[in-house]
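Novice: Test case, fold it:
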Amino acid sequence: MIILGIDPGLADTGWGLVEIEGSRMRCRGYGCVSSASTEHTPARLKRLYDELAMLVALHSPGEAAIEKLFHGVNARSAMATGQARGVCLLATADAGIPVDEYSPAEIKQAVVGHGGADKAQVQYMVRAILSLPATPRPDHAADALAVAICHANSRKAKLAEARARSHEGGT
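Specialist: All right, here's what the predicted structure looks like:
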């Protein structure tokens, strides 16, 4: 199973592909869709959609995960990020990929072990969990891999919980 993790933003949207096989996770790729603030917003959003659609077509992820909007940013930044999130959700929905959403604190908890972790701690753990030779760059790509790792861990926990419930009903 391949999971597409997305760290949305209008200027930079990070993406990361994590493959899970049993309890193993490995990085299948990562990158960033970037656009200049001098470009018109509709063109920036269309490029984001087109690049995500191409990425999905190329790698066929079975599931996706996206970071929820952080409310501590200014209204203008939140609006731009919200537009980018919407485009990311549309691109995955068009491909028929189920998407789960996680808050920054949930992602940090899943990757580092506490929701107040800083960016350097998250990047270190992404590198360690995926056995990467270097920290993924740019930061948005590392963040997207963290989103995918969070989803993989959440998925594993949900499956274990479902198995436990099915065993309870069968005894």
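Novice: helix or strand right after the helix or strand hosting residue 87?
Specialist: For residue 87, the host element (DSSP states H and E) is helix 75-94. Counting by DSSP H and E, the next helix or strand C-terminal to helix 75-94 is strand 99-102.
Novice: Give the rounded mean pLDDT of that next one.
Specialist: When pLDDT is averaged along strand 99-102, the result is 96.
Novice: List the pairing partners of it within its sheet, with orientation.
Specialist: Strand pairing for strand 99-102, determined by DSSP bridges: strand 63-67 (parallel).
Novice: mean confidence score for the partner strand?
Specialist: Strand 63-67 comes out at a mean pLDDT of 97.
Novice: follow-up on the earlier one: contacts for the helix holding residue 87, please.
Specialist: Under the contact criterion C-beta atoms under 8 Å, 6 or more residues apart in numbering, helix 75-94 has outside partners 4, 6, 8-11, 13, 41, 45, 48-49, 52-53, 56, 64, 66, 69-71, 73, 99. Just so you know, the C-beta spots here come from the backbone N, C-alpha and C atoms, and that holds for glycine as well.
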